[in-house]
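A.B. asks: Take this sequence and fold it.
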Amino acid sequence: MAVAVCVKLVVLLGLLFGLAQSARLYTEQDPVVILSSDSLKQTVLNSSSAWLLQFYSSWCGHCIQYSPTWKALAGDVKDWAQAIQIGVVDCAHEKNFDICKEFGIHFYPTFRYFKAHDTTNDYGKTYRGADRELQTVRQLMVNFLQNHTKHDWPVGCPPLDPARSFRGKLGMSEGILSLMGKKTEFYTAVIFEDEDSYIGREVILDLMPYEGLAVKRALSSDKLLMEKLGISSVPSAYLFYPNSTHTVMNVQKRLRFFFSSFLKLLPGVHRKQSTSSLQHPQPGNNGQGTQVEWKEFEKSKVYMADLESGLHYLMRVELATHKTLEGEELKTFKDFVTVVAKLFPGHQSVVKLLETLLEWLVSLPLEKIPYDAILDLVNNKMRISGLYLSEQVQWVGCQGSSVALRGYPCSLWTLFHVLTVQAANRPDALANTGFEDDPLAVLQTMRRYIGTFFGCQECGKHFEEMAQESLNQVKSVDDAILWLWRKHNQVNARLTGSMSQDPMFPKTQWPTPDLCPTCHEEQEGLHVWNEQMVLAFLRQHYGASNISPKYSSNSQPGPPAPDKPKAISKPNSNLHLNQNLKPSPDSAPKHQKRSDTNGAGQKHTGIQIEARPGMTILGLGFSRVDMSLCVFLYAFSCVFLMFMFFFFRFRSKRWKPRNYRPYV
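C.D. replies: Model prediction:
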């Protein structure tokens, strides 16, 4: 009996140890560097940057509870990597037993700082403070950086000391004042703060990966400099522009995040590229030597041209890679058309085309549909009055500095954001479709469409992982709006600094403070979202009244249609579109700016716009209902004639020929 109990205990301990081995607290998707016995010394010792390491154990309860804070800290200071990086070492992993013993790790978690360019094989400086809150540790990181000497200063880390005035010498403040009225090649921002403030140094470190800007800090004790620049309170920031103008920075809240976000969004300020050979294309250049027209737009608007161009690319380019649709592909496409047709807040001609396509798909009892049949309807080959979707690409809020950047992925994100908001604002729109009362209607449709049709398979894989992780938490239409917003920001964070990022439109967390200052707050030194205000902003930003018809192919007046069919409530127009712009299915999704819609559509009420000519017989125009009825009658007639043919043929074999006189 005793032996059996011992065996069970050994097995149980083995299982627990196995769970500790498999249930790692940190993964490659987390913003921390995972080190082991193979990489610890080579990475940390004589590094060009400083390091802060956490030696932990995956079975340690406190380590488990602290892991979210450590991940949040690593994400908060990820832009500081050239100066100081954050890593972890799991001492519960058998592979790391010896290295943890060598570094003298006796308790978990243990925090160690390692200076840059250290060649003494030092085992680091242990942090022994009781306060391990995020803001405290972040400030200790700043202090640790400033403890470096000029000899071992991290490569790429700018000076963190304040600008001071020195009698009899040319000090930093005189250098700053010399920028007044002077043209330079970049911006210079000066953060004014008290001596015990960390905002200035944190903003300097936040802007390290960006070029086109220099950030300095000055103390409130430098009264001469503050008086010269008209600074009356701290923290404040003063900005010198390259064109020699200068002014106090107007930020909504005097917090680190607001200062950093304001500077990152300045024109000409962008994240440094990973390779020096990359050249930043200028607006109007498609990267292939061809000039394209740059369209001015407001980032506070959503543009109908982006939505229509996205539908054009989706229907005529992306879908064309599937010669036939059947099975799950066909069902996915039908569901997609259902959701878009019922919720799309576009021009009447586009909405009618989507509704006609939906009626056609639903009425067909076929299990396989050739793509060419769908394309013929999208192109309105039957010449049905009032149906039209532009065949040109017209990116506005989704235009990029290069033809290979932004475009279609941006428009697809925008489309689904609009649809989630429309589903919330119009709860009866999906009635009798099978999607009524389903808060996941738009998200599940998006999920299946991306997994089935979206050209970037890796993007589809990442989106499916996000959906599996948390989509079951969506319980309302408001949850759906916020879920898509969170995941879009998650994608932006993952792709920040990648080659797919447009240098003119960096992948920031959206909405930025200039668009929604009330969406941003700070708790214990860490930026947090006010999701109630975010929801209100999203419902307004992606609402129908904020979609602008500017540049849209349906928004320009033109000659009236010759036959003036009654079925057209808002005829379409011809617009000279830029044919050099083409979407890129390989560019990464990005959060961008948008425009105004139905409200603008009301401004065009009464304007006669050219319509696609309809099919005419004796001068009468056929509507889509007429054509649907004709198709039904034609099919019914064929079936009836076939039935009569086989019926009489069968009866003729049984009847004997008879001589009879015709009855008069």
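
A.B. asks: quick one: low-confidence parts of the chain?
C.D. replies: The model of the chain has pLDDT under 70 over residues 1-23, 164-174, 273-292, 554-632, 634-635, 646-664.

A.B. asks: domain assignment for it?
C.D. replies: Residue ranges for the domains of the chain, per the TED database: 33-147, 176-271, 302-324+342-347+356-548.

A.B. asks: ok, residues contacting stretch 477-485?
C.D. replies: Stretch 477-485 has contacts (CB atoms under 8 Å, 6 or more residues apart in numbering) with 416-417, 420-421, 423-424, 427, 439-440, 442-443, 446, 470-471, 473-474, 510, 531, 534-535, 538-539. (Glycine included, C-beta is placed from N, CA and C.)

A.B. asks: typo on my end, stretch 501-513
C.D. replies: 251-253, 257-258, 261-262, 264-265, 270-271, 273, 280, 283, 400-402, 405-406, 485, 488-489, 492-493, 495-496, 519-520, 534, 537, 541, 588, 590-592.

A.B. asks: So which of the residues you listed are in strands?
C.D. replies: Secondary structure assignment by DSSP state E places 270, 271, 520 of these in strands.

A.B. asks: which residues touch residue 259?
C.D. replies: If a contact means CB under 8 Å, 6+ apart, then residue 259 has 191, 199, 203, 235, 237, 249, 251 as its contacts.

A.B. asks: of all those, which two lie farthest apart?
C.D. replies: Farthest pair in those (CB to CB) is 199 and 249. Separation: 12.6 Å.

A.B. asks: So for those two, which sits in the more crowded spot?
C.D. replies: Taking other CB atoms under 10 Å, residue 199 and residue 249 do not tie; residue 199 has more neighbours (23 against 17).

A.B. asks: could you measure residue 432 against residue 539, distance?
C.D. replies: Here residue 432 is placed at a distance of 25 Å from residue 539 (CB to CB, to the nearest Å).

A.B. asks: which of these two has more neighbours?
C.D. replies: Taking other CB under 10 Å, residue 432 and residue 539 do not tie; residue 539 has more neighbours (16 against 8).

A.B. asks: Could you pull up the residues touching that one?
C.D. replies: 421, 424, 425, 481.

A.B. asks: Could I get those residues in JSON lines, plus columns for distance to residue 207?
C.D. replies: Below are these laid out as JSON lines (distance: CB to CB, whole Å):
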{"residue": "421", "distance to residue 207": "33"}
{"residue": "424", "distance to residue 207": "37"}
{"residue": "425", "distance to residue 207": "39"}
{"residue": "481", "distance to residue 207": "32"}
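
A.B. asks: Out of those residues, who's the most crowded?
C.D. replies: Highest count within the contacts of residue 539 by other CB under 10 Å belongs to residue 421, 28 neighbours.

A.B. asks: Wait, that one touches residue 543, no?
C.D. replies: Yes: the pair residue 421 / residue 543 is scored as a contact, 5.9 Å apart, by CB atoms under 8 Å.

A.B. asks: can you give me the helices for the stretch 251-400 of the chain?
C.D. replies: Counting by DSSP state H, counting those that start in this stretch, one finds helices in the stretch 251-400 of the chain at the ranges 256-264, 304-313, 327-343, 348-363, 371-378.

A.B. asks: Please identify the most buried of those helices.
C.D. replies: Ranked by mean neighbour count, the helices of the stretch 251-400 of the chain are led by helix 304-313 with a mean of 27 (mean count of other CB atoms under 10 Å).

A.B. asks: and it, what does it pack onto?
C.D. replies: helix 408-425 (3 or more CB pairs under 8 Å, 6 or more residues apart in numbering; DSSP states H and E).

A.B. asks: Against which helices or strands is the helix it packs on packed?
C.D. replies: Counting by 3+ CB pairs under 8 Å, 6+ apart, helix 408-425 packs on helix 304-313, helix 327-343, helix 441-452, helix 477-495, helix 531-541.

A.B. asks: So for residue 178, which of those helices sits nearest?
C.D. replies: Of all the helices and strands packed on helix 408-425, it is helix 477-495 that lies closest to residue 178, at 38.3 Å by CB to CB.

A.B. asks: mind saving the C-alpha coords of that closest one as PDB?
C.D. replies: Extracted in PDB, the C-alpha atoms of helix 477-495 (Å, rounded to 0.1, in the frame of the first residue of the first chain):
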ATOM      1  CA  VAL A 477     -23.200  44.800 -31.100                       C
ATOM      2  CA  ASP A 478     -21.200  47.300 -29.000                       C
ATOM      3  CA  ASP A 479     -18.900  44.500 -28.000                       C
ATOM      4  CA  ALA A 480     -18.400  43.700 -31.700                       C
ATOM      5  CA  ILE A 481     -17.400  47.300 -32.500                       C
ATOM      6  CA  LEU A 482     -14.900  47.400 -29.700                       C
ATOM      7  CA  TRP A 483     -13.500  43.900 -30.500                       C
ATOM      8  CA  LEU A 484     -12.700  44.800 -34.000                       C
ATOM      9  CA  TRP A 485     -11.100  48.100 -32.800                       C
ATOM     10  CA  ARG A 486      -8.900  46.200 -30.300                       C
ATOM     11  CA  LYS A 487      -7.800  43.700 -32.900                       C
ATOM     12  CA  HIS A 488      -7.000  46.300 -35.400                       C
ATOM     13  CA  ASN A 489      -4.800  48.100 -32.900                       C
ATOM     14  CA  GLN A 490      -3.200  44.700 -32.100                       C
ATOM     15  CA  VAL A 491      -2.300  44.200 -35.700                       C
ATOM     16  CA  ASN A 492      -1.000  47.800 -35.900                       C
ATOM     17  CA  ALA A 493       1.300  47.100 -32.900                       C
ATOM     18  CA  ARG A 494       2.500  43.800 -34.400                       C
ATOM     19  CA  LEU A 495       3.300  45.500 -37.800                       C
END
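
A.B. asks: and the closest residue to residue 441 other than its chain neighbours, which of the three is it?
C.D. replies: Excluding its sequence neighbours, the residue lying closest to residue 441 (CB to CB, 6 or more residues apart in numbering) is residue 435, at 3.9 Å. What DSSP: H, G, I helix; E, B strand; the rest coil gives for residue 435 is coil.

A.B. asks: how about residue 435, what does it touch?
C.D. replies: Neighbours of residue 435 in contact, by CB under 8 Å, 6+ apart: 335, 338, 339, 441.

A.B. asks: Just the closest of those residues to residue 210, please.
C.D. replies: residue 339 (39.3 Å).

A.B. asks: ok so, going back, reformat the contacts of residue 259 as TSV; add distance to residue 501 and secondary structure.
C.D. replies: Listed next are these as TSV, based on distance: CB to CB, whole Å; DSSP: H, G, I helix; E, B strand; the rest coil:
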residue	distance to residue 501	secondary structure
191	26	strand
199	27	helix
203	22	helix
235	30	coil
237	26	strand
249	25	coil
251	24	coil
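
A.B. asks: what would those residues look like in TSV with distance to residue 128?
C.D. replies: Below are the contacts of residue 259 laid out as TSV (distance: CB to CB, whole Å):
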residue	distance to residue 128
191	31
199	27
203	29
235	31
237	35
249	39
251	37
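
A.B. asks: Number of residues surrounding the residue nearest to residue 427 when sequence neighbours are not counted?
C.D. replies: Distances taken as CB to CB, 6+ apart put residue 477 closest to residue 427, at 7.3 Å, once the chain neighbours are dropped. Neighbourhood size, residue 477 [other CB under 10 Å]: 21.

A.B. asks: Then residue 478?
C.D. replies: Residues near residue 478, counting by other CB under 10 Å, number 18.

A.B. asks: Please verify my assumption that residue 125 contacts residue 113.
C.D. replies: Yes: applying CB under 8 Å, one finds residue 125 in contact with residue 113, separated by 4.6 Å.
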